[in-house]
Each structure stands twice: as C-alpha cells, then as structure tokens.
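S.K.: got a predicted structure plus its sequence, pasted below:
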Number of protein chains: 2
Amino acid sequence: MRKYLEIFPVTGLPEVAAGDDLAGLIGDTADLRDGDVIAVTSKIVSKAEGRLTFGTRAEAVDAELVRVVASRGDTRIVQTRHGLVMAAAGTDTSNTAPGTVLLLPVDPDASARGLRGALKQRYDVNVGIVITDTLGRPWRVGQTDLAIGAAGVRVVEDLRGTTDTHGNVLAVTEPAIADEIASAGELVKGKADGVPVAVLRGLADVVLPVGEHGSGARALVRDAEHDMFSLGTREAARAAVLDRVPPGGPRSADPSLWADLVLDEGVHIELLDSSIGVFGEDPVAIGMTAERLAVLLHAEGYGVTVRTGPGSEATVTFGSRSA
Amino acid sequence: MRKYLEIFPVTGLPEVAAGDDLAGLIGDTADLRDGDVIAVTSKIVSKAEGRLTFGTRAEAVDAELVRVVASRGDTRIVQTRHGLVMAAAGTDTSNTAPGTVLLLPVDPDASARGLRGALKQRYDVNVGIVITDTLGRPWRVGQTDLAIGAAGVRVVEDLRGTTDTHGNVLAVTEPAIADEIASAGELVKGKADGVPVAVLRGLADVVLPVGEHGSGARALVRDAEHDMFSLGTREAARAAVLDRVPPGGPRSADPSLWADLVLDEGVHIELLDSSIGVFGEDPVAIGMTAERLAVLLHAEGYGVTVRTGPGSEATVTFGSRSA
C-alpha cells in the first residue's frame, strides 16, 4: 500500500519548439526528487522533436496508420506503428499552425528514455517518465489520458498468482499502472490550459533503479491476434466476406460452430475432415448456405474457400488461417 | 488549471459485511473536507448491500448480463444492466467465501447518492463520490479502475467548442474525469492490500453543490448503437449471418458498399431502389454472391433478406434495420 500521493502541475514552461531541450526546460522549472514520476503530454515531445508535417490531417493519418480498425463517416480508428489504436493515428491539429499537423513521437519509449537519462545526468535525479496522450475508448463516453511512452516505470503490476488478504488467488489482476499515472496526471494538467507536465510524488515503488528503463509503454499494447476487438463491428462483418484467406494447414471443425444456422428447406450438409459439402434441390440456396458456413468459419479464425460443383452442389474447404 | 492534488488511502476500515453502515465507517475513519472526492471500491458497496449470491460464477454471469458482447473460451465480455461492458459482468469471487459470488451494486449511482447524502447529513461535509471497479479494455494489456457509480461529481468535462491557448477549437475533447479519478485512486488503494477507499483532495472544482448529484456514472456509458465496437470481431461476423433482420422502412444503398466485392465469372448484379438482383449462368455462384451482398449490407446497418427465384436468380432486398 502506498501512503500518500501528491500530483502537481509544472507551470511556467515556455512554448516548446523544434529542437528545444525538454530535459532542461522541465529540470529547470520543476523541483524534481528521486522517485518522482513525470507525466509529459506527448504533444510537447513531438514539438521538441520537430514532428510537424505539412498537408491535410487525412494525409497525415494515411501516412501514420498501419491498418484501419474501424471507420464511420469521417472518423477513422487506426492502429499506428507503435501498436496504439486511436482516432486519427494520434495526429493533432490543435495548438498548431494552419496547414500543419503534429504527429506522435517516432518512438515514445525512446523519447522517455532520453528524457529520463538527461534528467539523471544533468540534475542527478532518478525519476520515472510517462509520455501521455488522450485516447477515446469503446463503450464509454469521453477520453482518458494513457501512457504511450515510458521509461524507468513499472508499467504493469503483475498480481497474477498473488493472493488477496483472504488467501484467494488474484487470478487476472494486472493493474496498468502507467495508464493510471497518465490519467491521474491529466487531472492536474487539463487540456485547455497549456500545462503539459505533471509530477506525481509518492510512487517511488514503481520507479526503477538508475540504469533500468523497463519494458516501456510498448508492453501495454495487446497484439491484434490476441484481441477480441481487433476490428470494428462493421469492419469485422465486411472482412468475413472481403478479407477471407484460403485454408493453410489442417484444422478440425466442431459442428457447434454452425449449430445456430437454420438450413433452407431441402438443403443438407455433410462434414468431412477438412470440408463441408452442401447439397439439395435448389442450387441458389446451396450457394447461399455454403457462403453462410464460410462466414461462420472465418469468424472462428479459419482459412476458408467455397467452390461450386461438380454438379449442383458446393464445397466449403477449411483449415488453419496461416498459410 | 488545478494547483495541487493529494490522494491518500483510507486505512483501518474493518471488513465490510451485509447491512454495514458504509457512511459511518468512512466518515469515522477518514478526515473528510468539503470538496474532497472519495473513490470507493464497488466491492465494499456490494458487500454492505448484501449483493452476495450462491452458485457458480457462470450462473451469476448469466443472471447479470443483458447481452454477450464477445466470448472466447471461458472468457465472456458482457453488457450488464448498468450498461457496463466488462468481463464476467463484474462478478467477483476473490475475497468471498467458496460457493458464493459477489455481484455489482444494483444501482451504483444510487449507492453513490446515498453515501454522499449520508456523509453530508451526519458529518456536514460536501464530498463527491466515485464508485470504482476494475475493467479490462480492448487493445491494451492490463486493467484500470473506472467509475461505475458517481454522485456530486462532474463525470465528464465538456470542452467541445472551447478554445485552447491558441484560439483553436478543442473539437472532440471530453475528458472523462470520473474515470480518471477512479484510476488515480487505484494508485493508492492497490488490489492486494484491502484498502478499498481513497480520498482525492484538490478537485473541488468538479464537486457539485450540496443537493446536486449530477448525471452519475451512467452518463459515461455509450449506447451500443453509437459504438463502433458493439460486438467482438468474432461475434460481429457471426451476427452478419445469424442475427440478420428483414428490411423495415426504405433506405437507399450506395454501390460503393460492395465495390470491393469481386464477382464470380458470369455473375452480374443489378441495383434497383430497394433490392439487388443477382443473375448469371451458375446458380450456386448466384446464391453465394447474393449472400455476400447481404453480409456487406448487414455490416452497414441495413435490414436485409435474400430470396431465390423466380428462375435461376436471387434477390437481395434491403432497407432500414428498424421495423
């Protein structure tokens, strides 16, 4: 248990421009102590690193994205090179000159390590750094600040396998400390006030020894393949038709996967080792049924191909999705 | 801008049991002041309210859920009566006796209002209450604490339309303050230590006047129909086949919706006002194409029906999803 946490904004920082010495600006302005955690808005890191580009925001998003996760109207939720899933790839046009777009730092964990190292070297202080950005989230209104970069901070507290005060195992509990630090810092930084840095004092137990930078915020990114929400609802349904891949290696299928599928009258199916045959009187209905089976198999991560013939029948061939 | 934020754990609270007077326990233990925000772990609210049930956790989840959002293996992400999307419907078996499951409070906003009112009445102090729970999230490793109940706290800071220090409009910025308060509180509460209450001092500007409880944490729930992630990737693809609804009222369709669909050789389609005709040589391929069109239309929120006939053709009828 921590005894007491203080959070204060670092006020009086000048406007940051490309090439500015962020460590000097922060170190000269804030009274830092060993064990402090500094939450730094990514925007000033980007500015210091000269991450300004010319053109429209849409062009900047195109250049920054790795894949589109979901879109609706003008809103695009994309995954960035950093693995972050966020609207508009974290690009920013507020507080920037017209016709320019501010991008996220190239490597926010590296930025955090650089800042931490410079503060140690020049101010002889061992602090943790969390670089923050403001992200929306599914299912909830509004945004919270999260950690997109970190150095010298334990970003996740792994309590899996530990016991609570009753001796029960805390099976799935991994508090994302760096994200909670980012959110806590936002409470004093605020958006509209131009206060881009907050200091959290009282978390020395999550600050790593000098020389250890830790896993960085990259460790907070969950890979898409392990994520139940790797695509938006719309995109997932479209992908089931448009982004299907043929079967790779063998993989068995359980009929419960299509147990909820009501077959048209006269249509019947037959499961073999790596395919499903679809037969019946009405060849159009056969094609429809085969396609429905293909979508259901795709949903479960199968590679799948639908072929017609030889006669009025269809064959759905399935297997693992990897080639 | 806020000057300074202090967060301290409320230590020395006894184990909470059904019927306990939570306001008395907290008010007697903590030195509360006007403008404080109290973050209370939902578990002790549930315990005080006697929200313990007998049976397995799976049975409890079945009883608590409104709909399944995503599932994989034994993990079920569901939406609760409160609108919350969370694993296992927020049920809890840690810190509980074997064979019992702790449920979320029936109405966490009401619980928060009750606690706030009692603290005012008996300790003459105007505090904000945030009832917290620990939630996982898409795309990120680990969990953070969020607000599932609130009273007397401005839960979202609506900055839309306000300007930054450069005069730019902060178009989409709505910090979810109550969620950030919950996360900040977790930093001192911790999971394994049995410290279920934290006090945040320095946020008096988000505490509402006596008598105003505000919107509560319910206002942080985004409706599924406005959410781009209303279903998991797997569930969204399955729903495109299994949960389709027939067209309600008229709605036009833009051919760009199926522009990426490669038609089988010899198959052609014809868009009419509220239907698409599918024609060609191979009736199985016609059925497959019609079904693919239906999935793509479902993905865009259309009600859709596929019919075969009159000859070797299929008709995809579409319209609004509402009846």
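M.R.: Sure, I can see it.

S.K.: ranges for the strands of the stretch 201-323 of chain A?
M.R.: Taking DSSP state E, counting those that start in this stretch as the test, the strands found in the stretch 201-323 of chain A are A:268-271, A:275-279, A:302-308, A:314-320.

S.K.: mean confidence score for the shortest one?
M.R.: Think strand A:268-271. For strand A:268-271, mean pLDDT rounds to 96.

S.K.: for it, name the packing helices and strands.
M.R.: Helices and strands touching strand A:268-271, by 3 or more CB pairs under 8 Å, 6 or more residues apart in numbering or on different chains; DSSP states H and E, are strand A:275-279. Placement of C-beta: from N, CA and C, glycine included.

S.K.: check which helices and strands the strand it packs on sits against.
M.R.: Using 3+ CB pairs under 8 Å, 6+ apart: strand A:275-279 touches strand A:268-271, helix A:283-299, strand A:314-320.

S.K.: what is the neighbour count of residue A:98?
M.R.: For residue A:98, the neighbour count with other CB atoms under 10 Å in any protein chain shown is 6.

S.K.: quick check: closest non-adjacent residue to residue A:83.
M.R.: Spatial nearest neighbour of residue A:83, excluding adjacent residues (CB to CB, 6 or more residues apart in numbering or on different chains): residue A:221 at 3.6 Å.

S.K.: who's in contact with that neighbour?
M.R.: Taking CB atoms under 8 Å, 6 or more residues apart in numbering or on different chains, we find residue A:221 in contact with A:82, A:83, A:84, B:139, B:140, B:141.

S.K.: try 7 Å this time
M.R.: By CB atoms under 7 Å, 6 or more residues apart in numbering or on different chains, the contact set of residue A:221 is A:83, A:84, B:140.

S.K.: nearest to residue B:266 among those residues?
M.R.: residue A:83 (43.7 Å; CB to CB).

S.K.: next one: phi and psi at the closest one?
M.R.: Main-chain torsions, residue A:83, degrees, to the nearest 10: phi 90, psi -10.

S.K.: ok, now residue A:58?
M.R.: Phi and psi for residue A:58, reported as degrees, to the nearest 10, are phi -60, psi -40.

S.K.: contacting residues for it?
M.R.: Per CB under 7 Å, 6+ apart, neighbours of residue A:58: none.

S.K.: do you know the pLDDT at it?
M.R.: 94.

S.K.: with the one 4 residues further on instead?
M.R.: Turning to residue A:62, the model gives it a pLDDT of 96.

S.K.: that one: helix or strand, and which one exactly?
M.R.: helix A:57-64 (DSSP states H and E).

S.K.: identify each buried residue in that helix, please.
M.R.: Going by neighbour count (16 or more other CB atoms under 10 Å in any protein chain shown), the buried part of helix A:57-64 is A:57, A:60, A:61, A:64.

S.K.: what's the closest of these to residue A:75?
M.R.: Closest to residue A:75, out of all of the buried residues of helix A:57-64 and judged by CB to CB, is residue A:61, at 10.6 Å.

S.K.: residues near residue A:241, how many?
M.R.: Using other CB under 10 Å as the criterion, residue A:241 is surrounded by 23 other residues.

S.K.: same thing with the one 4 residues further on?
M.R.: The criterion is other CB under 10 Å. On that basis, residue A:245 has 15 neighbouring residues.

S.K.: and it, what are its phi and psi?
M.R.: Main-chain dihedrals, residue A:245, degrees, to the nearest 10: phi -120, psi 150.

S.K.: can you pull up the bridge partners for the closest residue to it other than its chain neighbours?
M.R.: Spatial nearest neighbour of residue A:245, excluding adjacent residues (CB to CB, 6+ apart): residue A:303 at 4.8 Å. Beta-bridge pairing for residue A:303 (DSSP bridges): residue A:319.

S.K.: I figured residue A:303 hits residue A:250, correct?
M.R.: No: with contact defined as CB atoms under 7 Å, residue A:303 does not count as touching residue A:250 (10.6 Å).
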